[in-house]
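# sequence and predicted structure, then a few things I'm wondering about:
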Amino acid sequence: MTLVYIFLACILLLLSLKRLFQTRKFRNLPPGPPSFPIIGNLLQLKVMLLAGTDTSAVTLEWAMSNLLNHLEILKKAKNELDIYVGHQLVEELDISKLPYLQSIVYELHPAAPLLLPRLASEDCTIGEFHVPKNTILLVNAWDIHTDPKLWNDPTHFKPDRFQKESEANKILSFGLGKRACPGANLAQGTVSLTIALLIQCFEWKQINSEKIDMTEGKGLTVSKKYPLEAMCQCRNGLIRSI
């Protein structure tokens, strides 16, 4: 997991530098929204990094575990990258051209089983339930994402289900509305790009012939009970082209 955290931190740093250079490039454009200075907003930046690093690392570990247990899906994602990106190193702007990769990200385990608590400001009715004022509500995202009434075969890893746009609208990992996670776009972008880089740059295989154990651990985030162990090798053709 230490290597995952280091790799993830590097990706976040590269994305931040890229956006900084883009900002400098477009300085001569008409005025846009007000800037977001770093000095004076360090606490907000710290919260974003602390909240996003652990959950993103957990999500990446689940992603590679699922892909190694389903090599045909890993091969399909690799072929998509080779077709639409080629031998150039995948970038953030390429993700929109990779629908199957996005389906894999949608299919991943939600890192946090429960969404942030909500406080009812007044009496209300939600579905068949009466909610008195000042009631604290917790949304069970894990249960929603594994509900057989909403999903066909929810416990199996099937990214193809998200080839239909209507299925993607059921995802609730980051909440909805005004109280949704403010770092949703950053988290999805970071996870998508990191998975794309791991698939594009390396050949992956298990350390033995047994399936990777997918038992869930305990904690505020749904991490794996047993850390992922796998072997990887640089893809020679890609290294030569870079």
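Structure's in. What do you need? On a predicted model such as this, the values are computed, not experimentally measured, just so you know. Numbering: from 1, shown residues only.

# could I get the full set of strands for this protein?
In the chain, the segments counted as strands under DSSP state E are 118-119, 124-126, 129-131, 136-137, 202-206, 230-234.

# of all these, which one is nearest residue 174?
Closest of the strands of the chain to residue 174 is strand 118-119, at 14.3 Å (criterion: Cβ to Cβ). Heads up, the C-betas are built off the backbone N, CA and C, glycines and all.

# paired strands for the closest one, with orientation please.
Note on strand 118-119: by DSSP bridges, its sheet partners are strand 136-137 (antiparallel).

# what's the closest non-adjacent residue to residue 200?
residue 81 (4.8 Å; Cβ to Cβ, 6 or more residues apart in numbering).

# apologies, that question was intended for residue 147.
Counting by Cβ to Cβ, 6+ apart, residue 147 lies nearest to residue 154, which is 6.6 Å off, once chain neighbours are set aside.

# now that neighbour: how far from residue 101?
Distance, residue 154 to residue 101, by Cβ to Cβ, to the nearest Å: 21 Å.

# comparing these two, which shows the higher neighbour count?
The neighbour count for residue 154 versus residue 101, taken as other Cβ atoms under 10 Å, is higher for residue 101 (25 against 14).

# measure the more buried one to residue 94 for me?
Using Cβ to Cβ, one obtains 9 Å as the distance from residue 101 to residue 94.

# any residues in contact with both of the two?
Jointly contacting residue 101 and residue 94 under the rule Cβ atoms under 8 Å, 6 or more residues apart in numbering are residue 196.

# give me the number of residues near residue 159?
Neighbours of residue 159 under the rule other Cβ under 10 Å: 22.

# show the contacting residues for the residue nearest to it when sequence neighbours are not counted.
Nearest non-adjacent residue to residue 159, counting by Cβ to Cβ, 6+ apart: residue 103, 4.0 Å away. Under the criterion of Cβ under 8 Å, 6+ apart, the neighbours of residue 103 are 159-163.
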